[in-house]
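**Student:** Turn this into a model:
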Amino acid sequence: MAPKRAFLTKGFGVHKHRLASFELALRDAQIEKFNLVSVSSILPPNCKIIPKDEGVKQLGAGEIVHCVLARNDTNEPHRLVAAAVGTAVPVNEENYGYISEHHSYGEDEETAGEYAEDLAATMLATTLGIEFDIDSAWQDRENVYKTSGHIIDTTHYCQTAHGDPDGKWTTVVAAMVFIE
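**Tutor:** A predicted model of the protein is given here:
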């Protein structure tokens, strides 16, 4: 029962109630009408990442949908929140890849997104036996990973928002959504 397609999405919501804020973030991401089941970090072999609009059309309201979901929220005025997913896809599509989720405070979109991408790539690199210096900068390791001939692509998808100035709940989500 491994999915053959997946898509990336993100969104944010603001409301006086925490749960309603989460619902609005899911609406912004266009995944509110599904029963979401969070799963861990494996991108199945031969799973094609498709555009969000195409993926959403293939799912029906009320459907049980598996996803890797990053979620963060705050009710502190002006506090920066981030939710990001990162992906690492192997050259050999018969092998599995990795998806990571990252939730943080005070990180901008690029920083949080690159962190999630780095996590996914590092997890894949260690399973493929790629040698690298864990203490080197992400850009240096990314180059090692991609020139190894084993990792074809890494990417990230990130949503950030500043907490509502009046203290309403602000929620951010980012997800890799699987289509069975």
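**Student:** Now do stretch 20-38: distance to the chain's middle.
**Tutor:** Distance of stretch 20-38 from its chain centroid, counting by CA atoms, centre = their mean, to the nearest Å, is 14 Å.
**Student:** Need the contact partners of that stretch.
**Tutor:** The contact list for stretch 20-38 (CB atoms under 8 Å, 6 or more residues apart in numbering) reads 9-15, 52, 56, 59, 61-69, 71, 73, 159, 168-175, 177. Just so you know, the C-beta spots here come from the backbone N, C-alpha and C atoms, and that holds for glycine as well.
**Student:** Check which residues of the lengthiest helix in the chain are buried.
**Tutor:** Ranked by residue count and defined by DSSP state H, the top helix of the chain is helix 109-128. Neighbour-count burial for helix 109-128, with 16 or more other CB atoms under 10 Å as criterion, is recorded at 109, 112-125, 128.
**Student:** Check stretch 14-21 too.
**Tutor:** By 16+ other CB under 10 Å, the buried positions in stretch 14-21 come out as 14-15, 21.
**Student:** Give me the three-state assignment for Phe22.
**Tutor:** Secondary structure, DSSP: H, G, I helix; E, B strand; the rest coil: Phe22 is helix.
**Student:** Helix 109-128 and the lowest-mean-pLDDT helix or strand in the chain, what's the angle between them?
**Tutor:** Every helix and strand of the chain was ranked by mean pLDDT, DSSP states H and E. The lowest is helix 138-147, at a mean of 81. Between helix 138-147 and helix 109-128, the angle comes out at 40 degrees (axes from the mean of the first three to the mean of the last three CA atoms, to 10 degrees).
**Student:** Put the alpha carbons of helix 138-147 into PDB.
**Tutor:** C-alpha atoms of helix 138-147 as PDB (Å, rounded to 0.1, in the frame of the first residue of the first chain):
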ATOM      1  CA  TRP A 138      24.800  22.700   4.700                       C
ATOM      2  CA  GLN A 139      25.800  24.100   1.300                       C
ATOM      3  CA  ASP A 140      29.100  22.000   1.400                       C
ATOM      4  CA  ARG A 141      27.300  18.900   2.400                       C
ATOM      5  CA  GLU A 142      24.600  19.400  -0.200                       C
ATOM      6  CA  ASN A 143      27.300  19.500  -2.900                       C
ATOM      7  CA  VAL A 144      28.800  16.300  -1.500                       C
ATOM      8  CA  TYR A 145      25.400  14.600  -1.500                       C
ATOM      9  CA  LYS A 146      24.500  15.600  -5.000                       C
ATOM     10  CA  THR A 147      27.900  14.900  -6.500                       C
END
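**Student:** ok now do Ile152, which residues does it touch?
**Tutor:** Applying CB under 8 Å, 6+ apart, we find Ile152 in contact with 89-91, 146.
**Student:** Okay, and it sits in which element?
**Tutor:** Per DSSP states H and E: Ile152 is located in strand 151-162.
**Student:** Asp73 bridge partners, please.
**Tutor:** When assigned by DSSP bridges, Asp73 has beta-bridge partners Thr171.
**Student:** That concludes my questions; thank you for your assistance.
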